[in-house]
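Asks: structure, please.
(one chain, ligands or ions: 1)
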Amino acid sequence: MTGPEILTITGAAAALAITPGPETILTIRLSSLRRKAGLVYALGTATGTVIWMVLALTGVSALLTVYPAAIQVLKIGGGLYLCLLGLLAGRQALRLRRELRAASADSALKDTPDPASSAADDTSAEAAAGPVSEIATVMDSSSWGHLRSIVSYRRGIISSLSNPKVGLFFLAILPTLVPAAPSSVDYAVLVLLILGVLLSYQLVLACLASLAASAMAHRSADFFIEAASTVILLVIGIAVIAIPI
Ligand SMILES: NC(=[NH2+])NCCC[C@H](N)C(=O)O
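Replies: Residues are numbered from 1 along each chain as shown. This next block holds a predicted model:
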């Protein structure tokens, strides 16, 4: 493989990585809530990407061009999946809003001084634990099931396999990136290069999002992340279904 070929492959993969889309949004969403969930999600999308590449390079995904209806099925399935994730994020946002309201009602009660009580020490211990204990309590709640590693990993695979943009990239662009008379080393370089570019972009994004979120370090930030994710995922999901390919 020549230098210019390597540059072209890197450039094409970088263009796919930085084009905003569902995988970018979900990486940011999950890692701002919990970095490990974002990192595991990124590994899931990498697995989906490898499956796409294997399908494309073995000619299986070319079947999509023979049966154009299959692309429509992928498009509608992918769009509906994003809408579902949007609705789940919406449900989570509503739960968080309820929890935040209950917490502020609680602290309003605690702030009322009770001279007969010896709970002053407890209260200050709780205040010292601050948002950390709050987050621990929330993390224990079953409503954060989507942050479990296996769920994040599975979501990564499904969202990558149902992302029409990723499918079209591997269907239409990947074949043009394969050098003439490729050796098995060429194939390995091609796959590793694309995977490396896509995965490194997502890992950096996940770390930045988690740093930014921990700088805010407040539970109400989680509510805004979930509320914004609801809107963005629903908009992208509907756009994926509605915009003709
Ligand atoms: N690892 C991947 N499959 N990356 C592809 C990402 C495509 C696009 N940037 C998106 O967010 O939807």
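
Asks: and the residue nearest to I71 when sequence neighbours are not counted, what does it touch?
Replies: Of all residues not flanking I71 in the chain, L64 sits nearest, at 5.4 Å (Cβ to Cβ, 6 or more residues apart in numbering). Backbone N, C-alpha and C define where each C-beta goes, glycine included. Counting by Cβ atoms under 8 Å, 6 or more residues apart in numbering, L64 touches A70, I71, L74, G167, L171.

Asks: how much space between the third one and the ligand?
Replies: Looking back up the chat, that one is L74. To the ligand, L74 is 14 Å away according to Cβ to the nearest ligand atom, to the nearest Å.

Asks: one more: the last one?
Replies: L171 sits 14 Å away from the ligand, going by Cβ to the nearest ligand atom.

Asks: over to that residue. Which of the three states is it?
Replies: Assigned with DSSP: H, G, I helix; E, B strand; the rest coil, L171 falls in the helix class.

Asks: contacting residues for it?
Replies: With Cβ under 8 Å, 6+ apart, L171 has these contacts: A56, S61, A62, L64, T65.

Asks: so for stretch 105-118, mean pLDDT?
Replies: Stretch 105-118 comes out with an average pLDDT of 59.

Asks: likewise for stretch 42-57?
Replies: Stretch 42-57 comes out with an average pLDDT of 92.

Asks: how about that stretch: buried residues?
Replies: Buried positions in stretch 42-57, judged by neighbour count with 16 or more other Cβ atoms under 10 Å: 42-49, 52-53, 55-57.

Asks: so which of these are in helices?
Replies: Among the buried residues of stretch 42-57, the members found in helices (DSSP state H) are 42-49, 52-53, 55-57.

Asks: so after the least confident helix or strand in the chain by mean pLDDT, what's the next helix or strand?
Replies: Every helix and strand of the chain was ranked by mean pLDDT, DSSP states H and E. The lowest is helix 120-140, at a mean of 43. Where DSSP states H and E defines the elements, the next helix or strand beyond helix 120-140 is helix 149-161.

Asks: by residue count, which helix of the chain is the longest?
Replies: Criterion DSSP H: the longest helix present in the chain is helix 68-111.

Asks: quick one on the thing from earlier: pLDDT check: weakest of the contacts of L171?
Replies: Comparing the contacts of L171 by pLDDT, S61 comes last, at 68.

Asks: okay, now the unreliable bits of this protein?
Replies: Scanning the chain for pLDDT under 70 picks out the ranges 61, 107-146, 217-219, 245.

Asks: so which bits of it are right by the ligand?
Replies: 16-17, 19, 21-24, 45-46, 48-49, 160, 163, 165-166, 198, 202 (Cβ under 6 Å from any ligand atom).

Asks: now a PyMOL select for only the buried ones of these.
Replies: Typed into PyMOL, the line below selects the buried ones among the residues of the chain next to the ligand, using 16+ other Cβ under 10 Å:
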select buried, resi 16+17+21+22+23+24+45+46+48+49+160+163+166+198+202
